[in-house]
Structures are given as C-alpha cells and as structure tokens.
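Visitor: Next input, structure requested:
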Amino acid sequence: MTEPVGPPQGGAGETDGGVWPYLGVGCLTAVVGLVAGGMIAVLIAKFVGAAMGCRPDADTGAPCDWSAYWTWGARLGVILFPSIVLWRMRRSRAASRKSE
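Guide: Numbers count the residues shown, from 1 in each chain. Here you go, the predicted structure:
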C-alpha cells in the first residue's frame, strides 16, 4: 500500500532563498504602487485646487492640473511601495533565519 502524500517539508508558505519570490512580489507591488500613488496624488490635487480656488472640470469633475499630480504620484508610488514591501520581506526572512 502506498503512503498518502503530505505537505512538503517546512512550514506552509515557505519558499527557498532565491530571487524569484522577491521578483514576483516586486513586480506585483510596482503595479499597485503605480495606481495607488497616482490616485493619492489626484486626491492631493483636489485639495490643492480647492485651497487655491481652482474650478474643476465641468464635465468630469477632475481637479485642475491633475495629470501632473498623477504622474509624480505614480512615479513615487512605483518606487516607494515595492521598496518598502521588499525591505520588510527581507527583514522578516532574516529574523526567521536567526531564530532557527
């Protein structure tokens, strides 16, 4: 009789120490950071436009000069969000290796 197939050795969700987990997480968070940074910047453009008395677009309600805010926010988001996530990921992996 054959033995039942169990989970792999090690804990659930563990991966090897290669570059592939970092590459996958980095690419995914870059897309999320691009969109999130752009949207946060558009919200800031809305507040700045209201403070400066700028009238939003009548058809869409878009704030004044929203595209400049979006591009800068997206640039910051695509750099900062993956950097923070990968830094935290590396730090937690290093701590788990020390505890072993």
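
Visitor: Pass me the low-pLDDT residue ranges in this structure, would you?
Guide: Low-confidence segments of the chain, defined by pLDDT under 70, are located at 1-2, 4-17, 100.

Visitor: What ranges does it have for its helices?
Guide: Secondary structure of the chain by DSSP state H: the helices cover 20-52, 66-99.

Visitor: Next, the angle from the shortest one to helix 66-99.
Guide: For helix 20-52 and helix 66-99, the angle between their directions (axes from the mean of the first three to the mean of the last three Cα atoms, to 10 degrees) works out to 140 degrees.

Visitor: so what does helix 20-52 touch, helix or strand wise?
Guide: Counting contacts by 3 or more Cβ pairs under 8 Å, 6 or more residues apart in numbering; DSSP states H and E, helix 20-52 is packed against helix 66-99. The C-beta positions use only the backbone N, C-alpha and C, and glycine is treated the same way.

Visitor: ok, the residue nearest to R90 when sequence neighbours are not counted to P82 distance?
Guide: Excluding its sequence neighbours, the residue lying closest to R90 (Cβ to Cβ, 6 or more residues apart in numbering) is Y22, at 7.7 Å. From Y22 across to P82, the span is 10 Å (Cβ to Cβ, to the nearest Å).
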